[in-house]
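> for reference, the sequence and a predicted model appear below.
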Amino acid sequence: MKKIEGHLHLVRSVAGFNGKGRMTPLGNGKTIWDDGTLIKLIPDGWGDDDFLAESALKVMDDNKIEKAVLLQGSLNGYQNYYSYQTVKKYPNRFVAAFSVDPFTDSAMKIVRRHVEDLGFRAIKFEISQGGGLHGYHKPFRLDSDPNIGRIFHYLADYPGFVVTTDYGDYSQFSYEPEAIVNLALRYPKLDFVVCHLSFPNADHLDRLSNALNQWKPLDNIYTDISAIQDIEGETDFPFPRCQKDVSLAKKILGSKRIIWGTDSPWSSTFNSYHNLATWLEHTDIFTPDELENVMYNNANRIYFKSQNVKAMLDADDPVME
C-alpha cells in the first residue's frame with residue numbers, strides 16, 4: 001500500500017521555544033527545557049542533536065513511505081528554511097509548510113517571503129497553550145485576531161493554500177474547533193487541516209463528536225490523526241483507544257477527510273515508527289479502499305496539489321542570488 005506521512009518534523013538544529021522556555025540539546029536525542037523538563041526528542045539511531053532529511057528518508061524507505069509532509073512546531077523550533085532546502089533537494093519526496101509568530105513586527109514580511117519568494121503553499125499555526133503560541137502570548141482567536149486576520153486576507157489570494165492548525169486539548173485556552181468552522185466558511189477556497197484529531201479522549205467521545213460534527217458540513221476541513229497514541233497514552237499495539245477515536249471520525253467525516261501521520265520524531269520515542277505506520281492495517285476500521293484514502297490519497301490531494309508543488313519547485317530565493 002502506498003503511504004504518505006502526513007505530519008513529520010525535521011530538526012536541522014534544535015530551536016524549541018514555548019511556555020517552558022527554550023530547549024537545549026544534550027546529545028543522544030535528549031533535550032532540556034529552561035524550566036528543567038527533560039525529554040527524549042529524537043529516537044536512538046535517528047540523530048544525536050538533529051533529525052535531518054537523509055535520516056528521514058531512511059526511516060521512510062525502511063517503512064515504504066513514498067512521500068512526507070513537513071510541518072513546523074514550537075517543540076523543535078521552526079525549521080522553515082531547512083524544510084525549503086529539503087523540498088528543493090528532494091522534490092519527489094517532500095512538501096512543506098512554514099510557520100510564523102503572527103505577533104512579531106515582521107510577521108507579514110515573513111509570510112510574504114515564504115509565499116512569494118520561497119513558494120510555500122501551506123502554513124502551520126502551532127497555537128496550543130501546552131506547546132505553542134498560547135504558552136507565551138495572551139489568549140487570542142484564530143478567527144478574529146487582527147494580526148492573524150492580515151495573514152488570512154493575504155492567503156485568500158492563493159486558492160488551494162493549506163492551513164494546518166494544532167490548537168491543543170479542551171482544557172487549554174487555545175482549543176478552538178469552532179474557529180476552524182468560521183475560517184472554513186470565510187475562506188472556502190482554502191483547505192484546513194486540524195492536527196491530532198482535535199486531541200481525543202476515548203473516555204469522552206462526546207467532546208470529539210461535538211468538534212467533528214461542527215466540521216462535517218464543510219468539505220474543506222480535514223483532520224490528521226498524528227500523535228493520538230501519545231495523547232491517549234497508548235503503547236499497546238494496535239492501540240484500542242485510538243481505534244475508538246478514529247472509528248468515530250470515520251463515522252462522522254468519512255474516510256476522505258482523515259489524514260494519517262505520526263508527528264515524528266518525538267512520537268517515535270513512545271512507539272516504534274513501524275507500529276505507527278502499520279497500526280491501521282491491523283484494525284477493521286477501514287475497507288481497503290478507505291484505508292488508501294487515509295494513508296495516501298487524502299494527503300496527496302490536499303498537500304501535494306500540482307500547483308502547490310510547482311510553486312516551490314519554481315521558486316528561487318532572491319537572497320541567495
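Cool, the structure landed.

> residue 100 contacts residue 126, doesn't it?
No: with contacts counted by Cβ atoms under 8 Å, residue 100 stays clear of residue 126, the gap being 10.3 Å. No exception for glycine: its C-beta is placed from N, CA and C like everyone else's.

> more neighbours: which of those two?
Set residue 100 next to residue 126 and count neighbours by other Cβ atoms under 10 Å: residue 126 wins out with 25 against 21.

> chain neighbours aside, what residue packs nearest to that one?
Computed as Cβ to Cβ, 6 or more residues apart in numbering, the closest residue to residue 126 that is not its neighbour in sequence is residue 132, at 3.7 Å.

> wait, doesn't that neighbour sit right on residue 166?
Yes: between residue 132 and residue 166 there is a contact under Cβ under 8 Å: 6.4 Å.

> mutual contacts of the two, please.
Both residue 132 and residue 166 are in contact with 73, 125-126, where contact means Cβ atoms under 8 Å, 6 or more residues apart in numbering.

> all helices for the chain, in order.
53-62, 80-89, 107-112, 146-155, 177-186, 205-215, 228-232, 240-253, 273-278, 288-292, 298-302, 306-313 (DSSP state H).

> can I get the ones you listed in JSON lines including mean neighbour count and distance to residue 20?
Below are these laid out as JSON lines (neighbours: other Cβ atoms under 10 Å; distance: least, Cβ to Cβ, whole Å):
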{"stretch": "helix 53-62", "mean neighbour count": "17", "distance to residue 20": "25"}
{"stretch": "helix 80-89", "mean neighbour count": "19", "distance to residue 20": "21"}
{"stretch": "helix 107-112", "mean neighbour count": "15", "distance to residue 20": "23"}
{"stretch": "helix 146-155", "mean neighbour count": "16", "distance to residue 20": "24"}
{"stretch": "helix 177-186", "mean neighbour count": "18", "distance to residue 20": "25"}
{"stretch": "helix 205-215", "mean neighbour count": "17", "distance to residue 20": "26"}
{"stretch": "helix 228-232", "mean neighbour count": "22", "distance to residue 20": "17"}
{"stretch": "helix 240-253", "mean neighbour count": "18", "distance to residue 20": "26"}
{"stretch": "helix 273-278", "mean neighbour count": "20", "distance to residue 20": "25"}
{"stretch": "helix 288-292", "mean neighbour count": "14", "distance to residue 20": "37"}
{"stretch": "helix 298-302", "mean neighbour count": "21", "distance to residue 20": "31"}
{"stretch": "helix 306-313", "mean neighbour count": "15", "distance to residue 20": "32"}
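
> closest to residue 321 out of these?
helix 80-89 (14.1 Å; Cβ to Cβ).
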